[in-house]
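Asks: Show me how the following folds:
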Amino acid sequence: MPDHAQRPAPASGKVLPELAPPLEFAYFRTWHDRAVDPARPNSFADVPPEIDVVFVFPDYTPDDSPFWATLRDEYVPHLHAQGTRVVRTVDIGAILDPAVPATPEGFRAHAEHLVATLVDACGLDGLDVDMERTLSEAETARASGVFRELARLIGPLSGTGKLFIYDTNRDGSVPLFRQAADCFDFVLVQSYGRSLSSLQGTWDSFAGQIDPAQYLIGFSFYEERSTNLWGDAEEPFETSRAAAYADWQPAGETKGGIFSYAVDRDGVAEGDDEIRRTDYSWSIRLKERMLAGS
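Replies: Numbering: from 1, shown residues only. Prediction:
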């Protein structure tokens, strides 16, 4: 685990605002942060206050990177001061660690370890689990057991104010979700490249398990050298899929909001592989668009 995991995190003293629609969340790829590589033009701390929750998406960021201390000591207090929560993303694989005994005691110890090392160590506001695979029956039982133990510590059942978020590219029929839906504050569906006509059907699979205010749909900015050409954030802004997602609502309901992946690429044209500084103009306009329509 990172060295910082054993050090106390500073308290910001900031009372963060209530999370109510319309919400905007964003995933920042930490390996593109200046604290990881001083040659990078963007900083996690520059995410604007229009973003209600920003995710620490830490692939390719080693445990001994100076990013972690900077996150704890500088970025989190700064973002809290502007009203933005900071949440750590982890893959479902971390929940399914086969070294953890498949017992109530093992699940509890693992959940406590995850919260201590991934949330509390840097003074973060919660945990986001990325669930993109088909699980066996045994894996579903293991993950459900850990989720229930995590729900004692974070999420709406815990009373702690810490967030527990489920993000996925699947629908609401997945057995694991059906077993643990009440554990989560929010559900984020990776809707990258999807047609507007598909959105209602996906929501229908979650309806009845969560409130629509807990439901966010997401688009992706263009990642450098990516073969995933989603086309979500192509100019002109007004006719983009991202703007259409901001406008879309489930029939007769109001969704929680939207989220973006690779927000450090906000405004970069699809096919542009240069690492560029962003002013988060799309994120700001998307929040303004949702507020105007609410």
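
Asks: residue ranges of the strands in the stretch 151-294 of the chain, please?
Replies: Per DSSP state E, counting those that start in this stretch, the stretch 151-294 of the chain carries strands over the ranges 163-168, 186-190, 215-220, 257-261.

Asks: so of those strands, which one's packed in deepest?
Replies: Ranked by mean neighbour count under mean count of other C-beta atoms under 10 Å, these are led by strand 257-261, which reaches a mean of 27. Just so you know, the C-beta spots here come from the backbone N, C-alpha and C atoms, and that holds for glycine as well.

Asks: average pLDDT across that strand?
Replies: Mean per-residue pLDDT for strand 257-261: 98.

Asks: Over to stretch 120-134?
Replies: In this model, stretch 120-134 has a mean pLDDT of 98.

Asks: Span of that stretch from start to end?
Replies: 30 Å (C-alpha to C-alpha, to the nearest Å).

Asks: Could you give me the buried positions within it?
Replies: Across stretch 120-134, burial judged by 16 or more other C-beta atoms under 10 Å covers 120-131.

Asks: Next, find the distance separating the nearest residue to Phe184 once chain neighbours are set aside from Arg108.
Replies: Spatial nearest neighbour of Phe184, excluding adjacent residues (C-beta to C-beta, 6 or more residues apart in numbering): Tyr166 at 4.6 Å. Tyr166 sits 20 Å away from Arg108, going by C-beta to C-beta, to the nearest Å.

Asks: Pro48 too?
Replies: To Arg108, Pro48 is 38 Å away according to C-beta to C-beta.

Asks: For the stretch 101-250 of the chain, which segments count as helices?
Replies: With DSSP state H, counting those that start in this stretch as the criterion, the stretch 101-250 of the chain has helices at 104-118, 137-150, 175-180, 199-206, 241-247.

Asks: JSON lines for those helices, including distance to Leu23 and mean neighbour count?
Replies: Converted to JSON lines, those look like this (distance: least, C-beta to C-beta, whole Å; neighbours: other C-beta atoms under 10 Å):
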{"stretch": "helix 104-118", "distance to Leu23": "22", "mean neighbour count": "18"}
{"stretch": "helix 137-150", "distance to Leu23": "22", "mean neighbour count": "19"}
{"stretch": "helix 175-180", "distance to Leu23": "20", "mean neighbour count": "19"}
{"stretch": "helix 199-206", "distance to Leu23": "16", "mean neighbour count": "16"}
{"stretch": "helix 241-247", "distance to Leu23": "11", "mean neighbour count": "20"}
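
Asks: quick one: low-confidence parts of this structure?
Replies: Within the chain, the ranges that satisfy pLDDT under 70 run 1-15.

Asks: Now do the contacts for Ala138.
Replies: Going by C-beta atoms under 8 Å, 6 or more residues apart in numbering, Ala138 touches Ala102.
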